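Colleague: model this:
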Amino acid sequence: RDPANTTTNTKKMSSSNNTMSALDRGIQQVREVFPDLGEGYIETALSCYKGDVSQTLTSLLEGQSNPQSLHPTLQVMDTTLPKRRPQNLKSNTTNYTLDDEDAK
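Modeller: Have a look, this model is predicted:
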C-alpha cells in the first residue's frame, strides 16, 4: 500500500463531506432520529419548517402522538417517499420525476 494514495483518498472523502448541501445535512440529521422516514418526506418536512432541523425534529416527534399537529402537507404524505432530486448533479444527468403511478 502506498501511504500517499491513502492520504489522497482521505482528502477526497473529507472534501465530499464539505460539499454536502445544507439540505443534505438536514436530511441526514433527521434520519439519525427517524431512520424509517423517506428522504423525500424529510426534504418536504424541512421545507415546511423553513430548513430548521430543530423545529422539524420537534414537530415530527410531536406528530407521533398527535398527527394533527404536523404541517398539513405532511399529514397527507407517504412517510416513505424517496428522495426526489439527484444526489450529485455534476455526475448524474438523469432527471428525476415522479410518474403519476409513483405519486399515488
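Colleague: where does this protein dip in pLDDT?
Modeller: 1-18, 85-104 (pLDDT under 70).
Colleague: The closest residue to residue 70 other than its chain neighbours and residue 22, how far apart?
Modeller: Nearest non-adjacent residue to residue 70, counting by C-beta to C-beta, 6 or more residues apart in numbering: residue 63, 4.0 Å away. The C-beta positions use only the backbone N, C-alpha and C, and glycine is treated the same way. When distance is defined by C-beta to C-beta, to the nearest Å, residue 63 is 23 Å away from residue 22.
Colleague: neighbour-wise, which of those two wins?
Modeller: Just comparing residue 63 and residue 22: by other C-beta atoms under 10 Å the higher neighbour count belongs to residue 63, 17 against 10.
Colleague: where's the more buried one, which helix or strand?
Modeller: The secondary structure element spanning residue 63 is helix 53-65 (assigned by DSSP states H and E).
Colleague: how close does residue 34 sit to residue 48?
Modeller: Shown here: residue 34 relative to residue 48, a distance of 15 Å by C-beta to C-beta.
Colleague: quick revisit: need the contact partners of the helix holding residue 63.
Modeller: With C-beta atoms under 8 Å, 6 or more residues apart in numbering as the contact definition, helix 53-65 has outside contacts at 26, 29-30, 33-34, 37, 42, 45-46, 48-49, 69-71, 74.
Colleague: Can you flag the buried ones in those residues?
Modeller: For these, a burial check counting by 16 or more other C-beta atoms under 10 Å picks out 26, 29-30, 34, 37, 42, 45-46, 48-49, 70-71, 74.
Colleague: Could you dump those residues into a markdown table and include distance to residue 56 and secondary structure?
Modeller: Formatted as a markdown table, the buried ones among the contacts of helix 53-65 follow (distance: C-beta to C-beta, whole Å; DSSP: H, G, I helix; E, B strand; the rest coil):
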| residue | distance to residue 56 | secondary structure |
| --- | --- | --- |
| 26 | 7 | helix |
| 29 | 9 | helix |
| 30 | 6 | helix |
| 34 | 10 | coil |
| 37 | 11 | coil |
| 42 | 8 | helix |
| 45 | 5 | helix |
| 46 | 5 | helix |
| 48 | 8 | helix |
| 49 | 5 | coil |
| 70 | 10 | coil |
| 71 | 9 | coil |
| 74 | 10 | helix |
